[in-house]
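In: build me a model from this:
(4 chains)
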Protein chains: 2
Amino acid sequence: MVTLKQLAEKLNVSISTVSKALHESDEISKETIERVKALAKHLNYQPNKVALSLKSNKTKTLGVIIPNILNHFFAKVLYGIEEEATKKGYDIMICISNESYVKELQSLEVLGNGSVDGFIISIAEETQIKDQTQHIESILQQDLPVVMFDRVSDTIDCDKVIIDDFGAAYEATKHLLQEGRKQIVLLSDIEELSVGKLRVNGYLKALEETANYKNKPIIINIRNNDSIEDTIEALYNKYPKIDGILSVDNTTGVVALHKALKRGIDVPKSLSIIGFSDENVLPFTEPKLSTVSQHAIDIGKASVDLLLERITDGTHKASKVKTIKTNLVLRGTTK
Amino acid sequence: MVTLKQLAEKLNVSISTVSKALHESDEISKETIERVKALAKHLNYQPNKVALSLKSNKTKTLGVIIPNILNHFFAKVLYGIEEEATKKGYDIMICISNESYVKELQSLEVLGNGSVDGFIISIAEETQIKDQTQHIESILQQDLPVVMFDRVSDTIDCDKVIIDDFGAAYEATKHLLQEGRKQIVLLSDIEELSVGKLRVNGYLKALEETANYKNKPIIINIRNNDSIEDTIEALYNKYPKIDGILSVDNTTGVVALHKALKRGIDVPKSLSIIGFSDENVLPFTEPKLSTVSQHAIDIGKASVDLLLERITDGTHKASKVKTIKTNLVLRGTTK
DNA sequence: GGCAAGTTGTTTGAGCGTGACCATGGTTTT
DNA sequence: AAAACCATGGTCACGCTCAAACAACTTGCC
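Out: I've put the predicted structure just below:
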């Protein structure tokens, strides 16, 4: 890399003259500025980012910790984060916790050594189950701002970006009820997560509120080692009268649709399905799956904006929680 | 952040004593080492990574530039990159080119200012179409090593990780021929990419070699704005006798399967389908899609290994090209 | 005309946090 | 007393920015 020193030597001026010239300081004569700039351009001088970071104690880099990059939701949030960060002149460093508490802890430690100006994190399943928060508190104590998204912890006081999981599931269930569905099942492979629980509550609330809904709520939790397909087959066998499905994750709804079609069930005439999937599954379904759209890109964007605000304004202000609106996109699997 | 200076002040010793003590130098007495270490631990001292980088001119960070994080193949490669880099003590900085040449160029420039020790890149579609390489050459000239994966450029001399796209498509086509298929269609939504072209060639070669294959090759290219579903419907209408499909991307195969089933075509009895999809689509298909497995995680891992080797050994050695083996995983959509 | 005061353009120096290297002063050994 | 050793301190450099100092002029004023 070309340095100021090298430019200075070639031009027979001091380092700071070069520095000031490149910043177009009015302390420097126009001719000198021209000479310096010409050479800098010719040699393709670029200010060394590491040196700037050391001097300013700012890295212009954000640390991002996500549980699983193979989950399309997180990939999409990451997309939003990258886009917004780049737009604002920030780089991002990525760690994937792989749903492991230890990996998450290590990632925070590694990036906490001055590598980043702040963190955006969605916590690992293990962290959420064990309700571990010390590692995040520790980062906050070092005055490094943290923004949590989607999977947040109530015990940590920091900025957060969430969707209204309760409301989204409530609204989706209400829609199924309005269609006149009499036996609505909730499918979930995210039982352990905060968002999973909130969505279940939204579903339950909607059913409770509906006086003429006679059946009991049916909640099917699919755990990591269970076969989604077998579980759903079993569901259809056990409840042949099922006429509504709310899938609160991004896989089970699609599988439920395929299995229903295979059984000759008429979707949406005799069975409505709503999922929390993303548009990426749409080419694979027919009729097209109706979904709760979570605006993952907006979640990423909002997380960056909150974090940058915090980086600029400091840690003294009260924490903000931003709720990204969801909307119910009715397609072919609902009436 | 706690610094050596702060420790030194509290302990009433010099900065260099603290530094040496933390490195367990034998110039320092055991008691002092103990005292220093105790305080360092108590205050959670961590060496400032930026200062180390400035001093050593090494960042222990790798720059990763991928065209599209929402593509499951790239997400999976990224997973492998992250895992291997972390294992080797490196961080990664991510840029998403979004298939745009300009964004790719900017990313290289931004991270090339001393932020990273090397790059792992899969070039954008636009870059590949325009055959732009100057920006990458420019990075190489700065002695920053570059490893290209999957979408590589023949005109650039650097380490590369590829799969044997030609061979994989050849082998898959051969399999369809061995099943006795008489009219095999190739589906692609990656016509413009080097890998897409190689896969087409593998398909063509296999057909050419087969003397008793009478039909002409049929290649259906689906461009960005085309509807995959409409194109495939049209295909089935135009060629009712089609009995084999090779999809060289990760979407069209699944769609072709669904459309075939809907038409009542018996898969795999009267139609075989092989895709280049990843396992993530399997829950959504029945019968399960037979695929060419690309070992994306291994590609990521190999890219990191090649890059670290290059970082350690310098840029003088001849470039390496590593080919990751594919294998044909026969599932339910082939006989 | 002479000299302080201002103007202009540049250089010097300090410091960000760290570790390599060299220096110092005190004690012990030969 | 010279040599060796020990524990610690001091200095420098990495590349950069910024305040302060400085040199060489030009003005202004009596």
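In: any idea how many residues pack against residue A:76?
Out: 22 (other CB atoms under 10 Å in any protein chain shown). The way it works is simple: take the backbone N, C-alpha and C, and place the C-beta from them, glycine included.
In: ditto for residue A:202
Out: Neighbour number of residue A:202 under other CB under 10 Å is 24.
In: I'd like to know how far it sits from DNA strand D.
Out: Distance, residue A:202 to DNA strand D, by CB to the nearest atom of the strand, to the nearest Å: 51 Å.
In: now do the contacts for that residue.
Out: A:165-173 (CB atoms under 8 Å, 6 or more residues apart in numbering or on different chains).
In: pLDDT of stretch A:59-72, averaged?
Out: Mean pLDDT, computed over stretch A:59-72, is 97.
In: again with stretch A:138-148
Out: 95.
In: now for the helix or strand containing residue A:137, which elements pack on it?
Out: Element membership for residue A:137, per DSSP states H and E: helix A:134-141. Applying 3 or more CB pairs under 8 Å, 6 or more residues apart in numbering or on different chains; DSSP states H and E, one finds that helix A:134-141 contacts helix A:101-112, strand A:146-149.
In: so how far is that helix off the chain centroid?
Out: With CA atoms, centre = their mean, to the nearest Å as the basis, helix A:134-141 stands 20 Å off its chain's centre.
In: check stretch A:153-171 too.
Out: Centre-to-centre, stretch A:153-171 and its host chain are 12 Å apart (CA atoms, centre = their mean).
In: tell me who's in contact with the residue in the stretch 101-250 of chain A that DNA strand C sits nearest to.
Out: In the stretch 101-250 of chain A, the residue that lies nearest DNA strand C is residue A:114 (7.4 Å; CB to the nearest atom of the strand). Listed by CB under 8 Å, 6+ apart, the contact set of residue A:114 reads A:53, A:59, B:1, B:46, B:48-51.
In: so how far is residue B:41 from it?
Out: 18 Å (CB to CB, to the nearest Å).
In: now swap in residue A:240 and tell me
Out: 64 Å.
In: quick check: next helix or strand after the longest helix seen in chain A?
Out: When chain A is parsed with DSSP state H, its longest helix is helix A:296-313. Once helix A:296-313 ends, the next helix or strand along the chain (criterion: DSSP H and E) is strand A:321-324.
In: quick one: contacts for residue A:171?
Out: Here residue A:171 is in contact with A:202, A:206, A:292, A:326, A:328 (CB under 8 Å, 6+ apart).
In: please settle this for me: is it part of a helix?
Out: Yes. Residue A:171: assigned to a helix according to DSSP: H, G, I helix; E, B strand; the rest coil.
In: for chain A, what spans make up the strands?
Out: A:61-66, A:91-96, A:118-121, A:146-149, A:159-163, A:184-188, A:218-221, A:244-247, A:272-275, A:290-293, A:321-324, A:327-329 (DSSP state E).
In: for the fifth one, which strands pair with it and how are they oriented?
Out: It stands for strand A:159-163. strand A:146-149 (parallel), strand A:321-324 (parallel) (DSSP bridges).
In: grab the nearest non-local neighbour of the residue nearest the centre of chain A.
Out: By CA atoms, centre = their mean, chain A has its centre lying nearest to residue A:77, at 4.0 Å. With sequence-adjacent residues excluded and distances taken as CB to CB, 6 or more residues apart in numbering or on different chains, residue A:77 is closest to residue A:300, at 4.2 Å.
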